[in-house]
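[1] Based on what follows, work out the 3D shape:
(one chain, ligands or ions: 1)
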Amino acid sequence: MRFTAVALVASAVILGACGGGKKDEAAAPAAAAPAAPAPAAAPAAAGTAAPITGATIEVKMIGDEKGYRFEPSEIKAKTGDGVKFIMVAGGPHNVAFDPAKIPADVKAQLDANFGSDKMAELSSSLKMNPGETFTLSLGGIKAGTYEIFCTPHLAMNMKGKIIVE
Ligand SMILES: [Cu+2]
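    Residues are numbered from 1 along each chain as shown. The predicted structure follows:
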């Protein structure tokens, strides 16, 4: 009798240990997952928006029977200018850059220049209603050609480029 009881207790301890181990394993990935986005968000917070010190160029965002487009789609600007995107029709529209196509030494400043009007890295919030605007500062942005697109209408070829001279 005594031997059986000891054996049962020992089995219970072993089962308990296994059960506890499984719980810890299951809990570990769940606890680690929410922490992952924090380092990714850090570079965005590192930059400081540079103000517009030059001219502000207006660009219309249009979707109608002729298609989806930025007007003009080729935007010539200088470092320090601003580009004011105006929602005219056929929204929602936004303004976004492909992070993979932006040089490493431009990315942080450009992303910071979106200010708070941003839904993702290098991507403005969506403009739903006619008259809504998004103004992007080109402060601190060196000369180069930077492709833009509208996220909802990328497949409809709503693209353009900002040429900083
Ligand atoms: Cu659009």
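
[2] For stretch 126-137, which outside residues touch it?
    For stretch 126-137, contacts defined as CB atoms under 8 Å, 6 or more residues apart in numbering pick out 49-52, 56, 61, 80, 82-89, 91-95, 113-115, 117, 119, 124-125, 151-152. Using the backbone N, CA and C atoms, a C-beta is placed for each residue, glycine as well.

[3] can you check stretch 87-98 too?
    60-64, 68, 85, 110, 119-120, 122-134, 136, 146-153, 158.

[4] Could you tell me which of these count as buried?
    Taking 16 or more other CB atoms under 10 Å as the criterion, what is buried in the contacts of stretch 87-98 is 61-63, 68, 85, 110, 122-127, 132, 134, 136, 146, 148-153, 158.

[5] Where helices are concerned, which of these count?
    For the buried ones among the contacts of stretch 87-98, the ones inside helices are Leu110, with DSSP state H as the criterion.

[6] List the ones among the buried ones among the contacts of stretch 87-98 that fall in strands.
    Judged by DSSP state E, the subset of these located in strands is 61-63, 68, 85, 123-124, 134, 136, 146, 148-149.
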